[in-house]
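# Next one to model:
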Amino acid sequence: MESLKEEYLNMESLKEQYLKMREIKAKLQQQGNIECRKCGGMKDKESFSFRNKALEIRRKICRECVKIYNKERYNKNGDKIKLHEYIKYHKKKQEKQQQKQQQVF
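Prediction:
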């Protein structure tokens, strides 16, 4: 019974800690700082790319983490990515040629 009381009291303190942390994050966001979900760093909002520029919504992962992710992804799947781009390029090229032929007739 006492251990349950201790757990409950501990949970209350965790709840308070969580609420304090949220308050701190809210203050930092008002100052223009955002927390990166990948590295956990608090950075200014210019360090984050736009997700939707018209609505001024920014990504949740900073540019540095995105850059690292893209390098790792390219190193791991470089051949697949190159092949996909090659196929995509040639499909567009064929479509343009077909449109030109249709315009001639």
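
# can you give me the helices for this protein?
Read by DSSP state H, the chain holds these helices, from start to end of the chain: 2-30, 63-104.

# Ranked by average pLDDT, which of the ones you listed falls at the bottom?
The stretch with the lowest mean pLDDT among those is helix 2-30, at a mean of 71.

# How about the contacts made by the spatially most central residue of the chain?
Nearest to the geometric centre of the chain sits residue 61, at 3.8 Å (C-alpha atoms, centre = their mean). Residues counted as contacts of residue 61 (C-beta atoms under 8 Å, 6 or more residues apart in numbering) are 36-38, 48, 69. Backbone N, C-alpha and C define where each C-beta goes, glycine included.

# and these, which are buried?
For the contacts of residue 61, burial is judged from neighbour counts taken by 16 or more other C-beta atoms under 10 Å, and it is met by 36, 48.

# how about the nearest residue to the residue nearest to the centre of the chain, chain neighbours excluded?
By the measure of C-beta to C-beta, 6 or more residues apart in numbering, the closest residue to residue 61 outside its immediate chain neighbours is residue 38, 4.9 Å from it.

# so who does the one you found touch?
61-62, 65, 69.

# Among those residues, list the two that are farthest apart in space.
62 and 69 (10.6 Å; C-beta to C-beta).

# on that earlier part again, so can I have TSV of the contacts of residue 38 showing distance to residue 87?
Output for the contacts of residue 38, formatted as TSV (distance: C-beta to C-beta, whole Å):
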residue	distance to residue 87
61	28
62	32
65	29
69	24
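
# Pop out the phi and psi values for residue 36.
Listed backbone geometry of residue 36 is phi -80, psi 130, with angles given as degrees, to the nearest 10.

# you'd agree it is up against residue 66?
No: the pair residue 36 and residue 66 does not pass the contact test of C-beta atoms under 8 Å, sitting 9.7 Å apart.

# one step back: nearest to residue 20, out of the contacts of residue 38: which one, please.
Proximity of the contacts of residue 38 to residue 20 (C-beta to C-beta) peaks at residue 62, which lies at 24.1 Å.
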